[in-house]
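Participant: 3D model of this:
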Amino acid sequence: IVCPMVEKDAYGFTTEAPVIGESYARHADTPAQTEAKRIERLVTGAATLEAADAARKENAVPFGGAIDPFKEAREASLPNFMPRRGTAMQLPDRLHVEQKPLTHIEMAAALRPQFSAAGMEWGVAQYQRMAALYPDGVMEEQLPEVAKRLREPESATTHLAARRIGAA
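Facilitator: Here you go, the predicted structure:
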């Protein structure tokens, strides 16, 4: 093996070494950097590092398209969907909804706007008459009938209430 002779200056540095302030030279590539450059040339199929950089800028397909990274995903046979088996439930034929009669306060809250819209005053007297006529409350569908009955004069409603109480 023949090695070239390295000449040194008076300070022990090689004569070919860069001088501070006059020139610049980078460090030699590490083994990892050298391998990374070799892999880059292999992936792009280029002979030089400049050609590999140009291929990367053009978004060239790695390995010239010989390797398809999604081949397994595209060609995979997926299992068929298996529906879950349901459980039979015993339900009644028709749904029965039980409604509660409105309380006196709910009745008054619903009737007050109707009386105000008709230009009549809603007060303690109307509330007491309503409570006397309907002690157990009424269903919501019966509110128009209740409003009509409360708008009648007191003597007529008292007579109707007496008749209603006598019927019970």
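Participant: what's near enough to touch Gly45?
Facilitator: Counting by C-beta atoms under 8 Å, 6 or more residues apart in numbering, Gly45 makes contact with 55, 63-64. All C-beta atoms are positioned from the backbone trio N, CA, C, and that covers glycine.
Participant: In helices, which of these fall?
Facilitator: Here DSSP state H is the test, and the contacts of Gly45 give Ala55 as lying in helices.
Participant: Emit the PyMOL select command for whichever of the contacts of Gly45 are buried.
Facilitator: In PyMOL syntax, the buried subset of those is picked out as below (16 or more other C-beta atoms under 10 Å):
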select buried, resi 55
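Participant: how about the contacts of Gly45 in a markdown table, adding pLDDT and distance to Glu16?
Facilitator: A markdown table is the format used below for the contacts of Gly45 (pLDDT from 0 to 100; distance: C-beta to C-beta, whole Å):
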| residue | pLDDT | distance to Glu16 |
| --- | --- | --- |
| Ala55 | 93 | 34 |
| Phe63 | 89 | 40 |
| Gly64 | 86 | 41 |
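Participant: isn't Phe115 right next to Lys148, touching?
Facilitator: No - when contacts are counted by C-beta atoms under 8 Å, Phe115 is not listed as touching Lys148 (11.5 Å).
Participant: more crowded one of these two?
Facilitator: Neighbours per residue (other C-beta atoms under 10 Å) separate Phe115 from Lys148, with Phe115 holding more: 17 against 10.
Participant: Tell me the spacing between the more buried one and Pro101.
Facilitator: Applying C-beta to C-beta, to the nearest Å, the value for Phe115 to Pro101 is 20 Å.
Participant: quick revisit: which member of the contacts of Gly45 is positioned nearest Met89?
Facilitator: Nearest to Met89 among those is Phe63, at 59.0 Å by C-beta to C-beta.
Participant: What distance do you get for that closest one to Thr34?
Facilitator: Taken as C-beta to C-beta, the span from Phe63 to Thr34 is 21 Å.
Participant: host element of Val146?
Facilitator: helix 143-151 (DSSP states H and E).
Participant: Pull the residues that contact that helix.
Facilitator: 102, 107, 110-111, 114-115, 118, 120, 126, 129-130, 133-134, 138, 157, 160.
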